[in-house]
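1. Quick one: sequence plus predicted model below, questions after.
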Amino acid sequence: MSYISVIGAGSWGSTLAGLLVEKGYDVSLWAFEKEVVDEINDAASNSLYLPGVTFPQGLKATNSLEEAVRKARYILNVVPTQFTRAVFTEASRHVRRDAVIVSASKGIEQKTLMTVSAVLHEVLDMPGAVLSGPSFAKEVCNKLPTAVTLAAKYPGTGLLLQEIFNTNYFRVYTHHDVLGVELGGALKNVIAIASGISDGLGLGHNARAALITRGIAEVTRLGERMGADKRTFSGLSGLGDLVLTCTGPLSRNYSVGVKLGKGMKLPDILASTRSVAEGITTSSSAFELSKRQGVEMPIVEQVHRVIHEGVDPAVAVNSLMSRSLKSEF
């Protein structure tokens with residue numbers, strides 16, 4: 001009987017569901033884990049993904065995709081990228097044909113190299129909007145000032161969704177460039193891993209600043225080649241999100257990079273957390289996408305090699321620093 005369905009009860013999905021309930025919307029939150037559903041319904045909390053946060057009264061959680069989506073006028077996807085296709089394939093037969101689809105997941109699907117909204121469009125045969133930008137879940141829960149971007153193909157849809165999500169602490173801007181907003185949100189996770197590796201190796205602030213600057217140059221090159229608006233990557237979903245995830249200790253991707261830089265092995269890092277660091281799988285997808293598009297992305301390439309080929313992080317840094325000299329622009 002929900003008006004808005006949030007699919008995915010990780011830290012970000014739970015945060016957005018709580019925000020929408022607080023605004024007075026009828027919200028259903030779907031979670032894969034039964035223990036998460038039970039705790040949200042019984043104690044208005046989600047200690048697995050958002051310890052210490054209490055949700056507003058009225059948030060309903062469910063393990064049933066049919067129950068979550070069958071009456072929903074608006075469906076918000078916050079499922080990790082590599083599981084989005086499977087989840088929405090199962091949900092598709094229950095989705096209303098007039099539903100508005102919004103994605104807040106940040107990644108690129110492996111093998112197909114599709115963005116999340118493209119996956120949702122293929123599965124549901126419905127256009128989708130994208131919510132992205134620099135937004136740590138814990139800070140939004142604490143009502144700290146946050147600004148994000150809502151990209152939609154149709155301006156009217158964007159304006160409607162802007163009103164739904166906007167609050168006095170969560171400021172939502174509209175945008176027309178769905179592809180650019182998604183690429184910025186996905187690829188910044190890979191650069192954030194590089195930034196964490198740099199800090200884990202103790203390479204200093206100069207190195208981190210260089211990675212952020214050259215990282216946004218790589219993301220912009222790929223985005224332009226694929227038809228995105230160059231200006232998008234200087235905005236909230238590009239540079240804004242990149243700066244946050246490359247410098248903030250709350251960033252899962254940055255934290256993974258720090259651990260890699262300090263010598264931890266990836267299997268041990270993954271075993272130590274339930275949260276998903278999208279940049280791990282996106283590094284492989286982004287590397288393959290750069291090759292497909294014929295775009296040089298040396299930082300993405302080295303992150304891919306550290307994570308998926310076992311290259312020593314210090315060797316990867318040396319590879320970046322010893323590349324042939326060239327003009328900046």
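-> Nice, I can see it. For clarity, every value in this text was computed on a predicted model and none was experimentally measured.
2. worst-scoring helix or strand of the protein, pLDDT-wise?
-> helix 266-271 (a mean of 89; mean pLDDT, DSSP states H and E).
3. Just the buried residues of it, please?
-> The neighbour-count check on helix 266-271 (16 or more other C-beta atoms under 10 Å) flags residue 269 as buried. For every residue, glycine as well, the C-beta is placed using N, CA and C.
4. Using PDB, write out every CA atom in the helix or strand just after that helix.
-> Per DSSP states H and E, the first helix or strand lying C-terminal to helix 266-271 is helix 279-293. Taking C-alpha atoms only, helix 279-293 is exported to PDB below (Å, rounded to 0.1, in the frame of the first residue of the first chain):
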ATOM      1  CA  GLY A 279      34.600   1.000  -6.500                       C
ATOM      2  CA  ILE A 280      36.000  -2.500  -6.200                       C
ATOM      3  CA  THR A 281      33.900  -4.000  -8.900                       C
ATOM      4  CA  THR A 282      33.500  -0.700 -10.700                       C
ATOM      5  CA  SER A 283      37.300  -0.500 -11.200                       C
ATOM      6  CA  SER A 284      37.100  -3.500 -13.500                       C
ATOM      7  CA  SER A 285      34.000  -2.200 -15.300                       C
ATOM      8  CA  ALA A 286      35.600   1.300 -15.700                       C
ATOM      9  CA  PHE A 287      38.800  -0.200 -17.000                       C
ATOM     10  CA  GLU A 288      37.000  -2.300 -19.600                       C
ATOM     11  CA  LEU A 289      34.800   0.700 -20.500                       C
ATOM     12  CA  SER A 290      37.900   2.900 -21.100                       C
ATOM     13  CA  LYS A 291      39.300   0.300 -23.400                       C
ATOM     14  CA  ARG A 292      36.000   0.000 -25.300                       C
ATOM     15  CA  GLN A 293      35.700   3.800 -25.700                       C
END
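5. Check which helices and strands helix 279-293 is in contact with.
-> helix 81-91, helix 178-200, helix 204-225, helix 252-261, helix 298-309 (3 or more C-beta pairs under 8 Å, 6 or more residues apart in numbering; DSSP states H and E).
6. Go through these and name the closest to residue 232.
-> Shortest distance between residue 232 and those, using C-beta to C-beta, is found for helix 178-200: 3.3 Å.
7. looking only at pLDDT, what's the mean for the closest one?
-> For helix 178-200, the mean pLDDT works out to 97.
8. got the CA positions of that helix in CSV?
-> In CSV, the C-alpha atoms belonging to helix 178-200 read as follows (Å, rounded to 0.1, in the frame of the first residue of the first chain):
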residue,chain,number,x,y,z
VAL,A,178,21.4,11.5,-16.6
LEU,A,179,24.5,9.7,-18.1
GLY,A,180,27.0,12.3,-16.9
VAL,A,181,25.6,12.3,-13.3
GLU,A,182,25.7,8.5,-13.2
LEU,A,183,29.3,8.3,-14.6
GLY,A,184,30.5,10.9,-12.1
GLY,A,185,28.9,9.0,-9.2
ALA,A,186,30.3,5.6,-10.3
LEU,A,187,33.8,6.5,-11.4
LYS,A,188,34.6,8.7,-8.4
ASN,A,189,34.6,5.5,-6.3
VAL,A,190,37.5,4.2,-8.2
ILE,A,191,39.5,7.4,-7.8
ALA,A,192,38.6,7.3,-4.1
ILE,A,193,40.3,4.0,-3.8
ALA,A,194,43.4,5.5,-5.4
SER,A,195,43.3,8.3,-2.9
GLY,A,196,43.0,5.9,0.0
ILE,A,197,45.9,3.9,-1.4
SER,A,198,48.0,7.1,-1.6
ASP,A,199,47.2,8.0,2.0
GLY,A,200,47.8,4.4,3.2
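9. Perfect, I'm done here.
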